[in-house]
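> Just a sequence and a predicted model for now, questions to come.
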Amino acid sequence: MLDNLIHLFHQGGPAVMSGILFVFAVSIVIITERCIRLWFQYDMANSSGFIAVVQKMIMNNSIENAIRLCKEARPKLLPFVLTEGHQRANDTEEEIANAMDHATLTVVPQISKGVPFLGTTANVATLLGLLGTIFGLIRSFAAAASATGAQKQTLLAEGISEALTATSFGLSTALLCILAHGFLTMKQTAIINDINKNAARLNDLLITRKIKMRTLQEKRSS
């Protein structure tokens, strides 16, 4: 199998195939890193259950316990955003909202990092494949112009083979990049939406807590 791969590599033109192979390797590194980050580090699968526990703590006025719980759940990104809100629990409603908005804007670049570059690698792989096609056609036309007989047929076949091999490798790499870009974009959008939803829910919980505490203080004072 390795011999066949080496044969295809030389058949497609070493220069062009090396370029496509480099783009392929870079894409695999980006895809692997993003999958690990998005699925195993950043995403909180049971975010609804987590926010339910946080809600109980807030309603029991146990802000410190809620902060401790969120810190223990890191490096998940949702707890980081919630922590910023908890730390401003006794501030004004606007300050709480601003703190969580700032935290959300801080984590969004971490989620989307690297994914847009897969669009670039897809385009580069496609263009390198087309460049290999041109090189193969140039080789075929040169053979048609200079060679004769059986040699001409052999050179024509080699040129066409070079063109098709480079093109297929380039398009396959581009296809992988486009599919990965789509899946990763869907995942990062889901994470961002989950963070925004639960941040808004926490903001509402903290406001409700402040209203509840204010009402109790008014009753005690009266």
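Everything's here; your move.

> Would you tell me which helix is longest in this structure?
The residue-count maximum for a helix in the chain (DSSP state H) belongs to helix 149-221.

> Helix or strand next in line after the lowest-mean-pLDDT helix or strand in the chain, which one?
When the helices and strands of the chain are compared on mean pLDDT, DSSP states H and E, helix 2-11 comes out lowest with a mean of 62. Using DSSP states H and E, the helix or strand that follows helix 2-11 in sequence is helix 14-35.

> which other helices and strands contact that following helix?
In terms of contacts (3 or more CB pairs under 8 Å, 6 or more residues apart in numbering; DSSP states H and E), helix 14-35 is packed against helix 2-11, helix 117-146, helix 149-221. In this view, the C-beta of every residue, glycine as well, is placed from N, C-alpha and C.

> then it to PDB, C-alphas only?
C-alpha atoms of helix 14-35 as PDB (Å, rounded to 0.1, in the frame of the first residue of the first chain):
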ATOM      1  CA  PRO A  14       6.300  15.800  -6.600                       C
ATOM      2  CA  ALA A  15       6.100  19.600  -6.400                       C
ATOM      3  CA  VAL A  16       2.300  19.900  -6.600                       C
ATOM      4  CA  MET A  17       1.600  16.800  -4.600                       C
ATOM      5  CA  SER A  18       4.000  18.000  -1.800                       C
ATOM      6  CA  GLY A  19       2.000  21.300  -1.600                       C
ATOM      7  CA  ILE A  20      -1.300  19.500  -1.400                       C
ATOM      8  CA  LEU A  21       0.100  17.100   1.200                       C
ATOM      9  CA  PHE A  22       1.200  20.100   3.300                       C
ATOM     10  CA  VAL A  23      -2.200  21.600   3.100                       C
ATOM     11  CA  PHE A  24      -3.800  18.300   4.000                       C
ATOM     12  CA  ALA A  25      -1.500  18.000   7.000                       C
ATOM     13  CA  VAL A  26      -2.300  21.500   8.200                       C
ATOM     14  CA  SER A  27      -6.000  20.900   7.800                       C
ATOM     15  CA  ILE A  28      -5.900  17.600   9.800                       C
ATOM     16  CA  VAL A  29      -4.100  19.400  12.600                       C
ATOM     17  CA  ILE A  30      -6.700  22.100  12.700                       C
ATOM     18  CA  ILE A  31      -9.600  19.700  12.500                       C
ATOM     19  CA  THR A  32      -8.200  17.500  15.300                       C
ATOM     20  CA  GLU A  33      -7.400  20.400  17.600                       C
ATOM     21  CA  ARG A  34     -10.900  21.900  17.100                       C
ATOM     22  CA  CYS A  35     -12.700  18.600  17.600                       C
END
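
> who touches it?
Here helix 14-35 makes contact (CB atoms under 8 Å, 6 or more residues apart in numbering) with 8-10, 113-115, 117-118, 121, 124-125, 128-129, 131-132, 135, 165-166, 169-170, 173, 176-177, 180, 184.

> Sweet, I'm off.
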